[in-house]
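J.: Following is a predicted model, sequence given first.
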Amino acid sequence: MKDNTPTPSGRLDPRLDPAANPALDPAEDTDEPAFEWMKPAPAARAAEGEGAAGAASPSAARPAAGAAANRPAGSASHPAAGSAAAGSPAAGSAGVQPESRADRKAAEAAAAGNAETEPDAEPGRIAPAGQDAGSGRTADMRQPARSSAMGTHYSEPLPTSALQVRPPQEEVERRNAEREQAARAKPVLPRFLQVLLAIFYPVILLVLAVRAVTSPLFLWVEYHRPGFPGDGYGFNADDRMTYGSYAVDYLSNWSGPRYLGELINRSGEKLFKDGEVSHMADVKLVFLSAFGAGALLVLVSIIAIIYLRRRTPGGVRRGLFAGSIVTLVLIIGLGTLAALGWQQFFTEFHRIFFAAGSWTFALEDTLIRLFPGQFWIDAGLVIAALVLITAVVTLILTWPTRRRRGLAPARKGRKGGDAEDSDVKDDADDVPENGTARPVNL
């Protein structure tokens, strides 16, 4: 509400200039608390002066306060503003003061808000909105204050406003490429375990086949099968079975050379000479080392199988499939060499594991009478057959069929010539419509 009653002739006009009449200046009245609200802040006097110079109505006070806050500091086109900001009372009261108390309070609040927003600015300078008063740089994290008749309002950015900024296109493409590469890359450990399984599998099969041959059962089959050569120095099948069992048992037990060195024949003489006992000790060392290595490989293979079954579907099948192929290649190669020249193959095999001259004996020695040349040929054939059959069975059981690979079964075409086209269509059907490939177990 505004009082429009005319001022009596004998009464002082409240709009009189306080500079002309110091008695009316509220800034000089420090003993009257009722005029405390009329005392402007030092930084707000320039804003009041600018607001009063613009217009005397309440509607003109609000734009004047905003203009004082947004005018650049030290502008050459407005020298009066700089002098008013310096704190001169005369400059601040040169214009007309706001008409009502609410307008004056709004102007004072706007000036005080500007002073709080720019604490580092000089008393005579008001920094432009959005810039730092000291360096002139644009402020990024604070919006300019907005003044209104009800007070000062601030607009702060949201804490997550940085998340809405899209990175450059090159950065987006680089991240997408890295994400796709990480999705396509396969772990190294499962592949490494599959390779170990493929390498260990033929060795394990070979050790198991050798262990099956070095058994009393194989001795009995050999000594009693038709066509096995007899002993020309007096050993019958029972003597061979008895003495040969001692030699075979020695290879797998933990006894010393006395186990064979103290054996005697029917005539009371030593059954095995010292050279034969020494060679059997060397053979025992090779056999125990091979059996120990085979047991270690079996343990590692079991651990690899357990890990692959839990972490990589189809990993065990792929490892055994590759191992069976390696086994077939190895057995076929060794069988070809043995078939081309058995005596040369047997001699080179002994040269690898035994010292020269320690494994050759006379025909009347016990080892030759118990284990003639035909025995080693039969043993080699049995070892090759066991390994070959096991590898073929493993190859069949682990063959990568469509069902084992996780693919849909192939549909037969209407005609024989359409079978290939049907397979191609099946492969195309395995790809989803969105273009991403379906994971398969290879």
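T.: Nice, thanks for sending it over. Remember, predicted model here, so these are calculated numbers, not experimental data.
J.: Could you give me the buried positions within the helix or strand harbouring L296?
T.: Assigned by DSSP states H and E, L296 falls within helix 274-311. For helix 274-311, burial by neighbour count (16 or more other C-beta atoms under 10 Å) applies to 275-281, 283-284, 287, 290-291, 294, 297, 301, 304-305, 308. For glycine as for every other residue, the C-beta is placed from the backbone atoms N, C-alpha and C.
J.: just checking, what packs against whatever helix or strand comes next after that helix?
T.: For helix 274-311, the following helix or strand on the C-terminal side (DSSP H and E) is helix 315-340. Counting contacts by 3 or more C-beta pairs under 8 Å, 6 or more residues apart in numbering; DSSP states H and E, helix 315-340 packs against helix 188-213, helix 274-311, helix 373-397.
J.: May I see these organised as a markdown table, with mean pLDDT added?
T.: Converted to a markdown table, those look like this (pLDDT from 0 to 100):
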| stretch | mean pLDDT |
| --- | --- |
| helix 188-213 | 94 |
| helix 274-311 | 94 |
| helix 373-397 | 95 |
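J.: okay, the ones you listed in JSON lines with distance to I331 next?
T.: JSON lines is the format used below for those (distance: least, C-beta to C-beta, whole Å):
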{"stretch": "helix 188-213", "distance to I331": "8"}
{"stretch": "helix 274-311", "distance to I331": "17"}
{"stretch": "helix 373-397", "distance to I331": "5"}
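J.: looking at those, which is closest to R225?
T.: Smallest distance to R225 across these (C-beta to C-beta): 8.3 Å, for helix 373-397.
J.: And for that closest one, what's in contact with it?
T.: Identification of contacts with helix 373-397 by C-beta atoms under 8 Å, 6 or more residues apart in numbering yields 201-202, 205-206, 208-210, 212-213, 218, 222, 228-229, 320-321, 323-325, 327-328, 331, 334-335, 338, 342, 346.
J.: If we use 6 Å, what do you get?
T.: Outside helix 373-397, the residues that touch it by C-beta atoms under 6 Å, 6 or more residues apart in numbering are 205-206, 209, 213, 222, 229, 320, 324, 327-328, 331, 335.
J.: and if you look at stretch 203-215?
T.: 248, 251, 290, 294, 297-298, 327, 379, 382-383, 386-387, 390.
J.: 8 Å instead, please
T.: By C-beta under 8 Å, 6+ apart, stretch 203-215 touches 218, 248, 251-252, 287, 290-291, 293-294, 297-298, 301, 327, 379, 382-383, 386-387, 390-391.
J.: From R211, how far out is V393?
T.: In this structure, V393 and R211 are 19 Å apart, going by C-beta to C-beta, to the nearest Å.
J.: between these two, which one's more packed in?
T.: Remark: of V393 and R211, R211 carries more neighbours, 15 against 11, as counted by other C-beta atoms under 10 Å.
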